[in-house]
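> What shape does this take:
(chains A and B)
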Amino acid sequence: MLLFKIMSCLQGYLVIQVMGDAPEKFVNMAASRGIYLWDVEQLSNGTVMIKVYLKNVNALRHIARRTRCRFRIRQRSGLPFYVAVLRRRKALALGAFLSLIILYFLTSFIWIIEIKGNEKLDSYDVLRAAEQAGLRRGAFKWNINPGAVEDGIVEQLPLLSWSGVYIKGTKATIEVAERILPEEEDHQPAHIVAKKTGVIKEVLVLNGRQAVKEGDTVSAGQVLISGEILPVEEEPPPGVDGEKPAENMEPVRYVHAMGFARARVWYEGYSEVSLVETGQRPTGKQKTCVSIKFKSKEIILSGNQNQNEPFETYETRTLVNKAPQWRNIDLPVELITVKYFELADYREERSRLVARRAAEAQAHALAAESMPDDAAIQERWVEEVETGDSDKLVRVRVVIETVEDIGEEAPFNGAPNT
Amino acid sequence: MVLRDFSQKVKKQFADFLELPGDVMLDLPKITMFGDLKLYIENHRGILEYSTSEVRIGVRDGEVVVVGEGLLLRNVLPDEICVEGKIKTLSFSY
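Modelled structure (predicted):
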């Protein structure tokens, strides 16, 4: 059916109105002569509307005469008639054709260049390299050889290991993959010092001299693994005088200390929760006020026009929508949405158990706040602090013991050992 | 007429014996209906009368009468007619 519609549009068809005593005869004769008719419909006034192909109309005139009918063309549709219209309006046809040509011409340029995959490298550098290789904004699309541009970009930027250039429509996408360079080893002399206070559990020295023992209590900033390697003191051979020859003394070596120092660290959190809590919280009722701000004038579009305070107690949230800045043009128009949330007083009484649980959770969260991610929790103590007003308040202290690496590099000044 | 009836009878028996479809052998109209919306009639002998409420289509020695509302002829081909609209009755008259 769709194919038929397309065909009839391409060939062009007419709607004719047949008047006469016996339009059936007209239809029969036309059909028997191989003229295809469709959508034969009788109108309320007795005449019949018929659709027929443009090419068969002349044959119908003869049939109409033979069957003593008259017909009148009511409607013309299809491509041949559009062509006829365009033939009369040459400027329109020319304009349509020209606009197509211009559209095609404009789509043969690169308008947008997108760069993907660069992390360390600046997009601007990639763009410059691409420009050197021939791909730049406004370049003629058919002159660009993506393979050559890819090679050119990689040649100019040694930090890249691969690049891919894809052109889709007027947009060029440059995908790059950066080389991963091995990290340079630091030879600056450095200690490993404690980040925080704790009790040393184990020390693993990769480079340097161990400065603390297991079980030592260290405070923040204390050297755990020293970058100073003292000369080995030789035991004076027995029988010989304790005097050591000075020329045999090795100088102190300075190294970049490396290693792990795991220590037990304690974190403490304290929280109190009252058994009766009062405060304000949103009821869920809200009102929205939308206004447009033009320079310093504010025009309210919807919401509370006159009264400024929609609720007795409320809090507001303001959202400002601004038109995005384009070039240097900054539109002085802002759309401001203010939302008013109603607040209501509330009073909540809790049992001791619930309050204690809440306080414990809060205290635990407080204690865990400063814990690093790699800390392994060893133990946890919860203790209720007894005070005089225990009928009103629950006070809870939480102590967490963890084992974690507390070492931290701290460079120091010394003659580097080369 | 007697001779014609006789030849018709022989043809019918022949068609039954060979299990040939009647529309080929006996020159009968083949009518296909889609509910009460659409009706195809093949092997017809022309339109005898057409109006929105009644369509009469000639077939071999007789006619098919379609009564309904808002009838229109969707297709008119030398051997096929398609009637669309709200069809109420379909009857044969000889």
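> Any part of the host helix or strand of B:Ile41 near chain A?
Element membership for B:Ile41 (DSSP states H and E) is strand B:38-42. No. Strand B:38-42 lies out of reach of chain A by C-beta under 8 Å from any C-beta of the partner chain, never closer than 12.1 Å. Heads up, the C-betas are built off the backbone N, CA and C, glycines and all.
> Spatially central residue in chain B, please.
B:Pro29 (3.9 Å; C-alpha atoms, centre = their mean).
> tell me how far the ends of stretch A:293-312 are from each other?
Using C-alpha to C-alpha, to the nearest Å, the end-to-end distance of stretch A:293-312 comes to 26 Å.
> May I see the buried residues of it?
A:Pro310 (16 or more other C-beta atoms under 10 Å in any protein chain shown).
> Buried residues of the top helix by length along chain B, list them for me.
Longest helix in chain B by number of residues (criterion: DSSP state H): helix B:2-18. Residues of helix B:2-18 classed as buried by neighbour count (16+ other C-beta under 10 Å): B:Ala15.
> and that helix, average pLDDT?
Averaged across helix B:2-18, pLDDT comes to 80.
> Just the C-alpha atoms of that helix, please, in PDB.
Provided in PDB are the C-alpha atoms of helix B:2-18 (Å, rounded to 0.1, in the frame of the first residue of the first chain):
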ATOM      1  CA  VAL B   2     -31.300 -27.300 -20.800                       C
ATOM      2  CA  LEU B   3     -28.100 -28.000 -22.800                       C
ATOM      3  CA  ARG B   4     -26.300 -25.200 -20.800                       C
ATOM      4  CA  ASP B   5     -27.400 -26.600 -17.500                       C
ATOM      5  CA  PHE B   6     -26.300 -30.000 -18.600                       C
ATOM      6  CA  SER B   7     -22.900 -28.800 -19.600                       C
ATOM      7  CA  GLN B   8     -22.600 -26.800 -16.300                       C
ATOM      8  CA  LYS B   9     -23.400 -30.000 -14.400                       C
ATOM      9  CA  VAL B  10     -20.700 -32.000 -16.300                       C
ATOM     10  CA  LYS B  11     -18.200 -29.200 -15.700                       C
ATOM     11  CA  LYS B  12     -19.000 -29.200 -11.900                       C
ATOM     12  CA  GLN B  13     -18.600 -33.000 -11.700                       C
ATOM     13  CA  PHE B  14     -15.400 -32.800 -13.600                       C
ATOM     14  CA  ALA B  15     -14.100 -30.000 -11.400                       C
ATOM     15  CA  ASP B  16     -15.100 -32.000  -8.300                       C
ATOM     16  CA  PHE B  17     -13.400 -35.100  -9.600                       C
ATOM     17  CA  LEU B  18     -10.200 -33.300 -10.300                       C
END
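> Could you find the closest non-adjacent residue to whichever residue of the stretch 301-418 of chain A sits closest to chain B?
With C-beta to the nearest C-beta, the shortest gap between the stretch 301-418 of chain A and chain B falls at A:Ser302, namely 49.4 Å. Of all residues not flanking A:Ser302 in the chain, A:Val290 sits nearest, at 4.9 Å (C-beta to C-beta, 6 or more residues apart in numbering or on different chains).
> Sheet-wise, list the partners of the helix or strand where that neighbour lies with their directions.
Here A:Val290 sits within strand A:276-294, counting by DSSP H and E. In the sheet, strand A:276-294 lines up against strand A:297-302 (antiparallel), strand A:333-349 (antiparallel) (DSSP bridges).
> lowest-pLDDT helix or strand in chain B?
When the helices and strands of chain B are compared on mean pLDDT, DSSP states H and E, helix B:22-25 comes out lowest with a mean of 67.
> Against which helices or strands is the helix or strand following that helix packed?
Using DSSP H and E, the helix or strand that directly follows helix B:22-25 along the chain is strand B:30-34. If you count contacts as 3 or more C-beta pairs under 8 Å, 6 or more residues apart in numbering or on different chains; DSSP states H and E, strand B:30-34 packs onto strand B:38-42, strand B:80-93.
> what do you get if the cut-off is 6 Å, keeping everything else the same?
strand B:38-42 (3 or more C-beta pairs under 6 Å, 6 or more residues apart in numbering or on different chains; DSSP states H and E).
> any idea of the mean pLDDT for the strand it packs on?
Per-region confidence: strand B:38-42 scores 93 on mean pLDDT.
> Looks to me like A:Glu131 is in a helix.
Yes. Assignment of A:Glu131 by DSSP: H, G, I helix; E, B strand; the rest coil places it within a helix.
> so how far is chain B from it?
Per C-beta to the nearest C-beta, to the nearest Å, A:Glu131 is found 64 Å from chain B.
> that older thread, contacting residues around the residue nearest to A:Ser302?
Shown in contact with A:Val290 (C-beta atoms under 6 Å, 6 or more residues apart in numbering or on different chains): A:Leu301, A:Ser302, A:Gly303, A:Thr337.
> List the buried residues in the top strand by length along chain B.
In chain B, with assignment by DSSP state E, the single longest strand is strand B:62-77. Residues of strand B:62-77 classed as buried by neighbour count (16+ other C-beta under 10 Å): B:Glu63, B:Val64, B:Val65, B:Val66, B:Gly68, B:Leu71, B:Leu72, B:Leu73, B:Arg74, B:Asn75, B:Val76.
> want to throw the residues you listed into JSON lines with distance to B:Val10 and pLDDT?
What follows is the buried residues of strand B:62-77, written out as JSON lines (distance: C-beta to C-beta, whole Å; pLDDT from 0 to 100):
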{"residue": "B:Glu63", "distance to B:Val10": "25", "pLDDT": "92"}
{"residue": "B:Val64", "distance to B:Val10": "25", "pLDDT": "93"}
{"residue": "B:Val65", "distance to B:Val10": "29", "pLDDT": "94"}
{"residue": "B:Val66", "distance to B:Val10": "32", "pLDDT": "94"}
{"residue": "B:Gly68", "distance to B:Val10": "38", "pLDDT": "94"}
{"residue": "B:Leu71", "distance to B:Val10": "38", "pLDDT": "92"}
{"residue": "B:Leu72", "distance to B:Val10": "41", "pLDDT": "91"}
{"residue": "B:Leu73", "distance to B:Val10": "36", "pLDDT": "92"}
{"residue": "B:Arg74", "distance to B:Val10": "38", "pLDDT": "91"}
{"residue": "B:Asn75", "distance to B:Val10": "35", "pLDDT": "88"}
{"residue": "B:Val76", "distance to B:Val10": "34", "pLDDT": "89"}
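> ranges for the strands of the stretch 201-350 of chain A?
For the stretch 201-350 of chain A, the strands defined by DSSP state E, counting those that start in this stretch occupy A:209-210, A:217-218, A:223-226, A:228-229, A:253-254, A:258-274, A:276-294, A:297-302, A:314-322, A:333-349.
> Identify, out of these, the most deeply packed stretch.
Burial of these is given as mean neighbour count (mean count of other C-beta atoms under 10 Å in any protein chain shown); strand A:223-226 ranks first at a mean of 24.
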